[in-house]
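*Asks:* here's a sequence, model it:
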Amino acid sequence: MQEDKKITWYQRTRTRLTAAVTLAIMLPMLAFYLASVQIATNAQLKAAQENLRLIAESGSVSLEGFIREITIDLEPTPYTPKLTTLSARELELYLSFLFRLVPEVETLSLVTVDGSEKVRFSRIAVYSAEQLRDLSGSDALATIRKGRTFYGQPHISEEGEARMNVAIPIPGKGRDIDAMILAEVSLRRVFEEVSQTPGEFMHVYVVDENGMIIAHPDFSHVLGRTSVRDYKVVSDVLALPPGRNTQMTRYTNILGEEVLGLGRRSRRLCWGIIAEVDTSEALAGVRRVQAIFRIIFVSAAFVGFVASLYIGTRAGGLIGRIQRAAQAIGAGDLGQRVPVKGGGELEQLAGDLNVMGGKLKEYHDHMERDVETLNERVAERTASLQKAFNELQERDKELKETHAALVQTEKLAAMGRLVAGVVHEVNNPLAYITGNIHVLKKDLTHLAELVRLYGGAFAAEDAPERERLLRDAREKAETVDIEYTLGGLDDILSRTSEGIENIRRIVADLRDFSRMGEAEREPVDLNESINTTLGMITYDLRKKQISVETDLAELPLVACTPVKMNQVLLNILLNAVQAVSENGHIWVTTEIEDDWMSVMIRDDGHGIPEEIIGRIFDPFFTTRPPGEGTGLGLSVSYGIMQEHGGTIDVTSTPGEGAEFTVRLPVRRDTCAATVCSCESKDDELSE
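*Replies:* Sure thing, here's the model as predicted:
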């Protein structure tokens, strides 16, 4: 009986010891399992959130680029003709060009500033006058009148396609808006990009500011105008400022799938880009870790039971190594491994732990490669945007160079128009100077001959010789009217001096007018510039017997570029000369009022017709026959006045003449404080 009791005690003791050892091993393993699962879950959620953020931001960049492309292509350039003055055929050609330039545009309209639709085209039809719309109360027109581009709400067309309206303002005179280009833009490209999902278990869709789906891989939600505003991720993204992201949210989407979602608010349109990933796929790695840990947990239970039999031997050391390796893996050291020797249960447990660490490391490496791939895509898209920006800068540079060349061309053309007049003005005094010199040479020759004869007579000692020389002198004096000749010398010299002075004045005016090398701004007497320019066109005025009346007020010096201001005055005065008939009149007046200096040039010519008065400042516009005008004079003058912060305006009554008004700001900090004492004159330059 005692032996039986001993055996029973031994068995009972061994059972208790086995249970104690098993619990001692299993409890840390259970804690390690829970901690590892939590760490893996957090890492997986963090990776999913980063992937969704990159996808949402990439979609936002694509959407912004799409809208920016269309806006830039539809905006008129400085050299686009004034659309409100084009014929129906010319408008059709221009809008056809826009259709080819922007393939996403389905319908184009030209709408005047009062809201009436002037013309409307689509890719398959031209709308008749009865089909044109009245848009006077539209949001697009209200936005355009403020000088801003309008982006409308998305809508479904009759063809079942998602579209939106974009309105581009067309600037008119000054800062006014003449009209707008209204384009109906297809969003099929947005839909195609959304349909190209990054993965089998990922979805991307776009909502407008009202929470309605406008792009989704399942197009039925677009056609049905499905609202998802009640979803937390959608309401959160619509409440954000433009360009911000929401936190990742777990919810059931419209497809009935449990997903993780993140949204981003676009900058220009304030739309929301929602990126979703299936929760089960996002946490697939965690499930694999759980399966591995369940295997480990069961194996550990078995090992714990067996370990009680080997507690005094190698089991304790191996269990310690396994525990340390598991703690290292749980801390993030996925390369940690347990050295295994033999084929026992504990060695198998260590091998399973090594397999688990290898699989975790493999999954971690796969996630890093995915992140690297997304970064490369973002870098490619950024490089593409930078290339487009560089191309825009290059085009801007070319436009500036072209403008400078046009200004120089018009400057040379203006100087060319002065050549004939200047040559004629110089030729007249040269002609009578040459004639006076010829007469003077002849008279001096006769006088020199008389002096020689009289001198020889007074010097001769022989009386007959003296008598002969005196006789010859008297005969010579009878052929030469000495009193008339001597009296005319003063008149000849006076008229010659007057001709030389006229030539000197013409050269001085030409030098003051051109000053081609002086491009810097300096204080300028505007009245002096007017008188110099009038002097340069004296021949043109005299040729048509045009009288010029000036009324020049006392003006302060104004800071400007002299050669450019002379060019503006010359262009306006030459246009006035060409518009005025023979014996016509030109009036030039200056005044200063409220820190603005004004020059008014008025003529009594044929005037400017109403249908072209709005185009006279357009580049290359001219009413002269081919070969007689560049069409750049008034356009260049308009640019010069804008460059100086001033304005140039025109008023005209057909048949009664036209009046140009040039206005410059008086910046008293950049010009001299002295006032020109320019006396008002009322001169008639009719000669």
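*Asks:* from now on I want contacts and neighbour counts done on CA atoms only, so please keep to that.
*Replies:* Fine.
*Asks:* just the strands in the stretch 251-400 of the chain please.
*Replies:* Secondary structure of the stretch 251-400 of the chain (DSSP state E, counting those that start in this stretch): strands at 258-265, 272-278.
*Asks:* mind checking which of those is nearest residue 163?
*Replies:* strand 272-278 (16.4 Å; Cα to Cα).
*Asks:* average pLDDT for the helix or strand where residue 602 lies, rounded please.
*Replies:* According to DSSP states H and E, residue 602 maps onto strand 596-603. Taken as a whole, strand 596-603 has a mean pLDDT of 92.
*Asks:* what distance separates it from the centre of its chain?
*Replies:* 34 Å (Cα atoms, centre = their mean, to the nearest Å).
*Asks:* next one: stretch 92-110
*Replies:* With Cα atoms, centre = their mean, you get 21 Å for stretch 92-110.
*Asks:* on that earlier part again, could you identify the helix or strand that succeeds the strand holding residue 602?
*Replies:* Using DSSP H and E, the helix or strand that directly follows strand 596-603 along the chain is helix 633-643.
*Asks:* how far is that next one from where the chain is centred?
*Replies:* 21 Å.
*Asks:* that helix: what's the following helix or strand?
*Replies:* strand 647-653.
*Asks:* for that following strand, which positions count as buried?
*Replies:* Using 16 or more other Cα atoms under 10 Å as the test for burial, strand 647-653 gives 647-648, 650, 652.
*Asks:* nearest to residue 529, of the residues you listed?
*Replies:* residue 648 (16.9 Å).
*Asks:* how far away from the center of its chain is the host helix or strand of residue 140?
*Replies:* Using DSSP H and E, residue 140 maps to helix 139-145. Averaged C-alpha coordinates place helix 139-145 at 22 Å from its chain's average position (Cα atoms, centre = their mean).
*Asks:* what are the pairing partners of the helix or strand just after that helix, and which direction each?
*Replies:* Sequence order places strand 150-151 as the next helix or strand after helix 139-145, per DSSP H and E. Paired with strand 150-151 in the same sheet, following DSSP bridges, are strand 162-171 (antiparallel).
*Asks:* any idea how far residue 639 is from residue 94?
*Replies:* 25 Å (Cα to Cα, to the nearest Å).
*Asks:* with neighbour numbers in mind, choose between those two.
*Replies:* Remark: of residue 639 and residue 94, residue 639 carries more neighbours, 18 against 15, as counted by other Cα atoms under 10 Å.
*Asks:* kindly provide the distance from residue 496 to residue 441.
*Replies:* Applying Cα to Cα to residue 496 and residue 441 gives a distance of 13 Å.
*Asks:* between the two, who's got more neighbours?
*Replies:* Taking neighbours as other Cα under 10 Å, residue 496 and residue 441 compare with residue 496 leading, 20 against 11.
*Asks:* low pLDDT regions in the stretch 351-500 of the chain?
*Replies:* 399-432, 435-436, 438-439, 442-443, 476-492, 494-495, 498-499 (pLDDT under 70).
*Asks:* show me where it has helices.
*Replies:* 463-479, 482-514 (DSSP state H, counting those that start in this stretch).
*Asks:* give me the nearest residue to residue 247, chain neighbours excluded.
*Replies:* residue 262 (6.1 Å; Cα to Cα, 6 or more residues apart in numbering).
*Asks:* burial measure for that neighbour, as a count.
*Replies:* 29.
*Asks:* for residue 634, same thing?
*Replies:* 22.
*Asks:* what does the pLDDT read for the residue nearest to residue 247?
*Replies:* For residue 262, pLDDT reads 86.
*Asks:* measure it to residue 222 for me?
*Replies:* Taking Cα to Cα, one finds residue 262 at 20 Å from residue 222.
*Asks:* can you check residue 127 too?
*Replies:* Distance from residue 127 to residue 222, by Cα to Cα: 28 Å.
*Asks:* and those two? Which one has more around it.
*Replies:* Using other Cα under 10 Å, the more surrounded residue of residue 127 and residue 222 is residue 222, with 24 against 13.
*Asks:* pretty sure the more buried one sits in a helix.
*Replies:* Yes. Applying DSSP: H, G, I helix; E, B strand; the rest coil, one finds residue 222 inside a helix.
*Asks:* what about the stretch 201-350 of the chain, any weak spots by pLDDT?
*Replies:* In the stretch 201-350 of the chain (pLDDT under 70), the answer is 201, 285-286, 289-290, 297, 300-320, 342-346.
*Asks:* my read is that residue 249 contacts residue 262, right?
*Replies:* Yes. Using Cα atoms under 8 Å, residue 249 is in contact with residue 262, at 6.5 Å.
*Asks:* which non-adjacent residue is nearest residue 562?
*Replies:* According to Cα to Cα, 6+ apart, the nearest residue to residue 562 is residue 524 (6.7 Å).
*Asks:* residues in contact with the one you found?
*Replies:* Each residue near residue 524 by Cα atoms under 8 Å, 6 or more residues apart in numbering is listed here: 557-560, 562.
*Asks:* same check, this time on residue 569
*Replies:* Here residue 569 is in contact with 530, 533 (Cα under 8 Å, 6+ apart).
*Asks:* secondary structure element holding it?
*Replies:* Counting by DSSP H and E, the element that carries residue 569 is helix 562-579.
*Asks:* buried set for that helix?
*Replies:* 562-574, 576-577, 579.
*Asks:* give me the packing partners of the next helix or strand after that helix, helices and strands only.
*Replies:* Following the chain from helix 562-579 toward its C-terminal end, the next helix or strand by DSSP H and E is strand 585-593. Counting by 3 or more Cα pairs under 8 Å, 6 or more residues apart in numbering; DSSP states H and E, the packing neighbours recorded for strand 585-593 are strand 547-551, strand 596-603.
*Asks:* out of those strands, which gets nearest to residue 159?
*Replies:* Comparing the helices and strands packed on strand 585-593 by Cα to Cα, strand 596-603 comes nearest, at 57.9 Å.
*Asks:* now the angle between helix 562-579 and the closest one, please.
*Replies:* 30 degrees (axes from the mean of the first three to the mean of the last three Cα atoms, to 10 degrees).
*Asks:* check which helices and strands strand 596-603 sits against.
*Replies:* Against strand 596-603 (3+ Cα pairs under 8 Å, 6+ apart) you get helix 562-579, strand 585-593, strand 657-665.
*Asks:* could you redo the last one with a cut-off of 7 Å?
*Replies:* On a contact count with 3 or more Cα pairs under 7 Å, 6 or more residues apart in numbering; DSSP states H and E, strand 596-603 meets strand 585-593, strand 657-665.
*Asks:* got the contact list for the last one?
*Replies:* Under the contact criterion Cα atoms under 7 Å, 6 or more residues apart in numbering, strand 657-665 has outside partners 595-608, 645-652.
*Asks:* just the buried ones from these, in PyMOL syntax?
*Replies:* Of the contacts of strand 657-665, the buried ones go into a single PyMOL selection, burial set by 16+ other Cα under 10 Å:
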select buried, resi 597+598+599+600+601+602+603+604+605+606+607+608+646+647+648+650+652
